[in-house]
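A.B. asks: have a look at this prediction, sequence included:
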Amino acid sequence: MKKIIRKIIKTVAIIAVLLFIITVTFMGFSPQFGGTHSKEDIKRYKASGHYEDGKFQNLIPTAQDMSFGNI
């Protein structure tokens, strides 16, 4: 019985580590999450009129308060 429980725990731990690695890799390379943008994307951003000092500027002021009460 102990061998089965250990095997289950080991399998769950391996799956959790793999999911973590996949998530971190995806977020690191995906432009939506701050990954590398292509040269075409950057050209498109600059042409939008909302791109200043190397950053996208939101025209509508948006609160960044993500407290539990505001969600």
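C.D. replies: Yep, that arrived.
A.B. asks: C-alpha from now on. contacts and neighbour counts both.
C.D. replies: Fine.
A.B. asks: so where do the strands sit in the chain?
C.D. replies: When assigned using DSSP state E, the strands of the chain occupy the ranges 51-52, 55-56.
A.B. asks: near residue 20, how many other residues are there?
C.D. replies: Other residues near residue 20 number 12, with proximity taken as other C-alpha atoms under 10 Å.
A.B. asks: quick check, pLDDT for it.
C.D. replies: On pLDDT, residue 20 comes in at 97.
A.B. asks: that older thread, okay, the strands of the chain in JSON lines with distance to residue 23 and mean neighbour count next?
C.D. replies: Conversion of the strands of the chain to JSON lines gives the following (distance: least, C-alpha to C-alpha, whole Å; neighbours: other C-alpha atoms under 10 Å):
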{"stretch": "strand 51-52", "distance to residue 23": "29", "mean neighbour count": "13"}
{"stretch": "strand 55-56", "distance to residue 23": "25", "mean neighbour count": "12"}
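A.B. asks: and residue 45, how many neighbours does it have?
C.D. replies: When neighbours are defined as other C-alpha under 10 Å, residue 45 has 16 of them.
A.B. asks: go through the strands of the chain and name the closest to residue 12.
C.D. replies: Judged by C-alpha to C-alpha, the one of the strands of the chain that comes nearest to residue 12 is strand 55-56, at 40.9 Å.
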